[in-house]
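Asker: coords please:
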Amino acid sequence: MRLLKRIISALGAAALITAQAPLSASAEKNEIYLSGKVYEYDASRSFKVSSFYYMDRTTELETLGKLSVEGDTTGSATSDNVAAFEVNGADSLTFTYDFNDSLYREGKFNWHIVEDSATEIDGMKLNSQVRSGAVMIETSPDRQCWSVAEAHTDIMRSASGGYGSVSYTANSSQLLGGCYFRVIVAYQLEEQLDENFFWFFDISDKDRKRVAEVYEFYAKSSGTAIPADVPEKDPDKLYVGETVFAGYNNGYTGSQAITAGNVHYGFEIGRFSLDGYAEQQSDNTLVKLPDQKVTLNFELLQKDLNALGGDRDLSIISDSLGIDNYFKQSGQAFGKGALIIRRTNSSGALEDPVVIPDFLSNAAFSGGESPVYEFDEGDYECALDYRINENGFFYDDQYDYKMYFSFKVRNSGCGIWLLDSQSGESLDNAVSTENGFRLDSSVSEYLRMKISLSQWVEKENGYTETHIFDRAPIDGEVFEQEGIYTITAVNPTVDPIASQPVIKRIYVGTDEVLRAYCKGVGKDITVNMIADCLRRGGSVADDGTLILPKEESSSENEITEQATPPQKYIINESITNESAAAEGTSYQEPEPHFPIAAVLCAAGTVAAAVFFYLMDRENSKPKRRK
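Answerer: Residues are numbered from 1 along each chain as shown. So this is what the prediction gives:
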């Protein structure tokens, strides 16, 4: 078994040599095995790479497994003899550590893996103990400032059929700016030298040691290089965030202005901006289209996190405790800067914050302004918590800082939809349905809506109206009670004084008179007038349109040929946006009116005829001779 492992490791070494040799420009998909280093030290010491006792290359010693890199790459080596890969811009880079559990199953008189209670590797806090082994993946833009990308613990228990693997895929921002990757495989070994018992106590002599396999390489995309200059602010974006001094390891609760004498005075760590909105209101309310997202961007202004403001004594350090009292966060390592985002929904309830750890380390890979998060409607609070270390002669000082900002996102428009409660079909305004309807106001969570229900009952003296309710509905609520519903909606963000409300009406039921009334017959036509029309032979079409009796239609056609057509029942959709005429208890026929205009017209005609007759008679008389 050991001989076989040495053969496999030797093949891996040969592959690494191939990877570090200059390759041709045309790269293709390939898999390369990397060689690493093995370090050993006393079991009482922590997993700190710099304090390890270097043993040999992984190709010369028995290890848990091997590391491979796969992608469309061209291999070479860096100036400090680290394997380097140039990745095709359209491809990704994935590396995998494959291992087997032979050391875990080895007998007690040989070196074998035992449980390890360590909770740190290379000074980085783990979420749990190393136990049967751990794999930690670190990244760095400069090979000096490292951050944890992933950590996997108790790996031997995850092995299936004696084999297991841990994989990681580099993201585009890491490859674009160039990134160092380090894989540390940590575990504890034990070997029993004899077997002695005192009563029931095992007093056998045992040796223990901790082992770390360390693999390191560099990868960079073949895409565009990172711009060196910081661009000017974009006038179409909203720049947000103000940095304050948050105290000394007290949960980032402070809010002191940064003044002369503070280590942060004179430089900015970075800047946030917002875009993707259509309008900005005075209170940082961003109005967008319903299908848009507001995007938060970040641009790191300090390119070297180990020399802030050009001072080598100032650096960003990792916060392993991760406590923010304002957002009630604890127990999650913040790493080198943590971005915290919390949303308050339309009901006023606080949602669980989103925490993005190692925010500044990841920003160092982007090389410019990069999108961070997308927002839909809501009220948002955001904070970037980070810690600065100042090197001292006898000891170092650490300071906490917070960049905080808040804003609101609202949708424009005021659309509401009425959907059939059974078929789900969209219903037009001023129609009727037998099934009932469901209200959909998903265009915005912040619409102010009101729904009212009125019912009519036919009695001996006509229809009478009863008002049932008038209240605020809930999005998605179903209404199946018979009657005519009036739904009013206003978007207070774009229409604070409710000058342009959206009003829709719908009738639930089968009464023909109410179907026509809901459809919207002329402005002054009442329910009882429609009922009278139907009694005289009128009807209602499938869409609710009122059809006049045949004799009335014929009379109107004859009049149309001679004079201006008189007013008749006209379908008028606009009535649905106005208050309906008040209903009486019965329908009253209109009283007759005296035709004053016709009489005056006739009198004028007679007077004119008399006048012209007298003038003609006067002109026909013979004139006298002088």
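Asker: and stretch 189-201, what's its mean pLDDT?
Answerer: Average pLDDT, stretch 189-201: 81.
Asker: With stretch 177-186 instead?
Answerer: 90.
Asker: Which strand residues bridge Y168?
Answerer: Applying DSSP bridges to Y168 gives these bridge partners: F95.
Asker: Let me see the contact set for it.
Answerer: Taking CB atoms under 8 Å, 6 or more residues apart in numbering, we find Y168 in contact with 94-96, 137, 149-150, 181. In this view, the C-beta of every residue, glycine as well, is placed from N, C-alpha and C.
Asker: what's the farthest-apart pair in the residues you listed?
Answerer: Spatially, the most separated pair among the contacts of Y168 is T96 and A149, at 14.2 Å (CB to CB).
Asker: of these two, who's got more company?
Answerer: With neighbours defined as other CB atoms under 10 Å, T96 and A149 compare such that A149 has more, 21 against 17.
Asker: can you give me the strands in the stretch 301-450 of the chain?
Answerer: 314-317, 338-344, 354-356, 370-375, 378-390, 397-411, 417-420, 426-427, 431-433, 437-440, 448-459 (DSSP state E, counting those that start in this stretch).
Asker: quick one on the thing from earlier: quick check: ChimeraX command selecting the buried ones in the contacts of Y168.
Answerer: Remark: buried members of the contacts of Y168, expressed as a ChimeraX selection using 16 or more other CB atoms under 10 Å:
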select :95,96,137,149,181
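Asker: Quick check: of the contacts of Y168, which lies closest to G483?
Answerer: Nearest member of the contacts of Y168 to G483, counting by CB to CB, is E150, at 60.5 Å.
Asker: Sketch out the low-pLDDT regions of the stretch 451-600 of the chain for me.
Answerer: 521-523, 551-600 (pLDDT under 70).
Asker: now the strands: where do they sit in it?
Answerer: 462-471, 478-479, 483-490, 502-508, 539-540, 546-547.
Asker: Mind giving me the packing neighbours of the fifth one?
Answerer: Looking back up the chat, that one is strand 539-540. Here strand 539-540 touches helix 512-519, strand 546-547, going by 3 or more CB pairs under 8 Å, 6 or more residues apart in numbering; DSSP states H and E.
Asker: So which of the ones you listed is the most surrounded?
Answerer: helix 512-519 (a mean of 25; mean count of other CB atoms under 10 Å).
Asker: Which residues does that one contact?
Answerer: 430-432, 456, 458, 463, 484, 505-507, 509, 527, 530-531, 534, 539-540, 543-546, 571.
Asker: do stretch 485-494 as well
Answerer: Counting by CB under 8 Å, 6+ apart, residues outside stretch 485-494 touching it are 281, 285, 287, 410-414, 416, 418, 437, 439, 441, 444, 446-454, 473, 479, 498, 500-508.
Asker: Mark which of these are buried, thanks.
Answerer: Buried residues within the contacts of stretch 485-494, counting neighbours by 16+ other CB under 10 Å: 287, 410-412, 414, 416, 418, 437, 439, 441, 444, 446-447, 449, 451-454, 473, 479, 501-508.
Asker: Distance from the helix or strand where T295 lies to the middle of the chain?
Answerer: Here T295 sits within strand 294-300, counting by DSSP states H and E. In terms of CA atoms, centre = their mean, to the nearest Å, the centre of strand 294-300 is set 13 Å apart from its chain centre.
Asker: Which strands border it, and is each parallel or antiparallel?
Answerer: strand 270-275 (antiparallel), strand 370-375 (antiparallel).
Asker: Nearest to R57 among those would be which one?
Answerer: When the strands paired with strand 294-300 are ranked by proximity to R57 (CB to CB), strand 370-375 comes first, at 37.7 Å.
Asker: Show me which residues of the closest one are buried.
Answerer: 370, 372-373, 375.
Asker: Could you break this protein into its assigned domains?
Answerer: 2-221, 238-411, 417-577 (automatic domain parsing).
Asker: In a markdown table, list those along with distance to E232.
Answerer: What follows is those, written out as a markdown table (distance: least, CB to CB, whole Å):
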| stretch | distance to E232 |
| --- | --- |
| domain 2-221 | 21 |
| domain 238-411 | 11 |
| domain 417-577 | 31 |
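Asker: Quick one: the helices in this protein, in order.
Answerer: Ranges of helices within the chain are 2-20, 102-105, 172-177, 359-366, 512-519, 527-535, 550-562, 596-620, based on DSSP state H.
Asker: The shortest one - what's its average pLDDT?
Answerer: So the one you mean is helix 102-105. Per-residue scores along helix 102-105 average to 86.
Asker: same question, stretch 332-340
Answerer: Mean predicted confidence for stretch 332-340 is 94.
Asker: Please point out which parts of that stretch sit buried.
Answerer: Result for stretch 332-340 [16+ other CB under 10 Å]: buried residues 333-340.
Asker: Now distance to Y168 too, for those residues, in a markdown table please.
Answerer: Formatted as a markdown table, the buried residues of stretch 332-340 follow (distance: CB to CB, whole Å):
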| residue | distance to Y168 |
| --- | --- |
| A333 | 18 |
| F334 | 21 |
| G335 | 16 |
| K336 | 18 |
| G337 | 21 |
| A338 | 21 |
| L339 | 22 |
| I340 | 25 |
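Asker: Looking at those, which one is closest to T253?
Answerer: I340 (13.6 Å).
Asker: The closest one against Y373, yeah?
Answerer: No - using CB atoms under 8 Å, I340 is not in contact with Y373, being 11.0 Å away.
Asker: Give the intersection of the neighbour lists for the two.
Answerer: With CB under 8 Å, 6+ apart as the test, I340 and Y373 both reach 354, 356.
Asker: I'd like the contacts of Y168 laid out as JSON lines, including distance to G348.
Answerer: Formatted as JSON lines, the contacts of Y168 follow (distance: CB to CB, whole Å):
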{"residue": "T94", "distance to G348": "45"}
{"residue": "F95", "distance to G348": "47"}
{"residue": "T96", "distance to G348": "47"}
{"residue": "I137", "distance to G348": "41"}
{"residue": "A149", "distance to G348": "37"}
{"residue": "E150", "distance to G348": "37"}
{"residue": "F181", "distance to G348": "45"}
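Asker: Just give me how far stretch 429-445 sits from the chain centre.
Answerer: 27 Å.
Asker: okay, how far is it across it, tip to tip?
Answerer: End-to-end distance for stretch 429-445, by CA to CA, to the nearest Å: 21 Å.
Asker: quick revisit: and the buried residues of stretch 332-340, which is closest to Y187?
Answerer: The closest of these to Y187 turns out to be A333 (CB to CB; 21.9 Å).
Asker: Enumerate every residue touching that closest one.
Answerer: 125, 148, 318-322, 357.
Asker: Of the residues you listed, grab the buried ones for PyMOL.
Answerer: The following PyMOL selection, which keeps only the buried ones among the contacts of A333, applies the criterion 16+ other CB under 10 Å:
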select buried, resi 125+148+318+319+320+322+357
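Asker: Adding distance to W199 and pLDDT, write the contacts of A333 out as a markdown table.
Answerer: Converted to a markdown table, the contacts of A333 look like this (distance: CB to CB, whole Å; pLDDT from 0 to 100):
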| residue | distance to W199 | pLDDT |
| --- | --- | --- |
| K125 | 40 | 84 |
| V148 | 46 | 88 |
| S318 | 48 | 93 |
| D319 | 49 | 93 |
| S320 | 43 | 89 |
| L321 | 45 | 88 |
| G322 | 47 | 89 |
| P357 | 50 | 94 |
